[in-house]
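Novice: sequence first, predicted coordinates after that:
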Amino acid sequence: MATAPRPRLVIVTGVSGSGRASTMRILEDLEFYCVDNLPVALAPDMLRLICARDPRLRGVALGIDARERLFFPEWPRVFSKLETQGFRPEILFLDASDTVLARRYSETRRPHPLGQPGGTVAESIRLERLALAEMRERASRVIDTTALSVHELREIVTAAVVASDYRAELVVTLVSFGFKYGTPVGLDLMFDIRFLPNPFFIAELRPLDGHDARVREFVMSQAKAQRFMNEITALLEFLLPLYKQEGKRHVAIGLGCTGGRHRSPVLVAEMAQRLGAAGYAVQVRDHDIARIAA
């Protein structure tokens with residue numbers, strides 16, 4: 001008699017203040033059975049009981065934060081036990097810039113969970129990043145919530161966790177951004193394209209953005225842009241199969257220009273077209289395109 005397939009297991013973790021609680025609510029709305037702050041050593045037994053109670057369960061989400069200190073030395077053993085039970089744990093890691101995290105704590109007036117007497121929020125964030133470094137490295141997907149609204153977070157979580165529906169396919173996220181606003185967190189590869197002529201300095205192109213055909217024509221008419229795309233496409237055709245071979249299911253690639261409005265959105269769109277034609281599942285995010293040019 002064939003055994004019922006195991007439900008998806010998503011572990012939601014990340015730095016405090018980056019949106020873990022919001023992500024758990026999103027997953028609950030998407031019909032995941034959600035348990036927050038469960039001692040991780042209990043996870044295998046809890047999952048066994050849940051599956052016995054409801055074999056048709058779509059998925060389980062476990063929320064883990066840095067206060068679950070026993071999680072970090074225990075996770076290799078626990079993950080191994082889960083895998084012997086037929087689960088394939090996916091880690092969804094939430095992150096944000098230090099400046100935004102500090103501002104969020106200031107606005108809510110909540111103490112940081114790893115705060116020490118006399119310590120600063122910045123010091124607590126640094127300690128938490130160190131504690132979570134190994135989990136972040138193992139993550140199936142890192143989501144940068146620095147500039148996300150709750151609605152945007154819902155869209156990204158849905159695409160990352162539900163739309164992919166546990167497929168083995170490698171998903172590539174292409175991110176355009178502006179260096180003047182800082183680099184997005186969670187990038188696996190990052191390329192600086194500020195060597196290309198900037199449409200910002202052309203009066204009729206300045207108020208437009210990289211989605212406009214006139215801006216695209218200006219950028220892609222440059223021989224340097226064409227060669228860059230050819231070289232990077234060749235590099236990714238070499239790297240992406242190797243990432244997939246190593247079991248990586250998501251790769252985030254950032255292309256940055258000065259303000260993130262003109263050059264980088266154009267090249268991200270061009271790269272998305274090329275990778276899509278090569279058979280990769282591609283998501284595009286223009287991190288800074290909506291910022292007002294100045």
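Specialist: Ah, there it is.
Novice: so for the helix or strand Arg103 falls within, what gets flagged as buried?
Specialist: Per DSSP states H and E: Arg103 is located in helix 98-108. For helix 98-108, a neighbour-count test (16 or more other CB atoms under 10 Å) marks Asp98, Val100, Leu101, Ala102, Arg104, Tyr105 as buried. Every C-beta, even on glycine, is put in place using the N, C-alpha and C of the backbone.
Novice: what angle sits between the helix or strand following that helix and helix 98-108?
Specialist: Next along the chain after helix 98-108, taking DSSP H and E as the criterion, comes helix 121-138. Computed by axes from the mean of the first three to the mean of the last three CA atoms, to 10 degrees, the angle separating helix 121-138 from helix 98-108 equals 120 degrees.
Novice: pLDDT (mean, whole number) over helix 121-138?
Specialist: Mean pLDDT, helix 121-138: 84.
Novice: just to revisit the earlier point, as a markdown table, the buried residues of helix 98-108 with pLDDT would be great.
Specialist: Output for the buried residues of helix 98-108, formatted as a markdown table (pLDDT from 0 to 100):
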| residue | pLDDT |
| --- | --- |
| Asp98 | 89 |
| Val100 | 89 |
| Leu101 | 88 |
| Ala102 | 86 |
| Arg104 | 83 |
| Tyr105 | 79 |
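Novice: neighbours around Gly259, how many?
Specialist: 22 (other CB atoms under 10 Å).
Novice: show me the contacts for it.
Specialist: With contact set as CB atoms under 8 Å, 6 or more residues apart in numbering, Gly259 has these partners: Gly178, Lys180, Tyr181, Phe200, Asp288, Arg291, Ala293.
Novice: inside strands: which ones of those residues?
Specialist: If you go by DSSP state E, the contacts of Gly259 have Gly178 in strands.
Novice: now, among the contacts of Gly259, which is nearest to Glu90?
Specialist: Using CB to CB, Asp288 comes nearest to Glu90 of these, at 28.4 Å.
Novice: kind regards, and thank you for your time.
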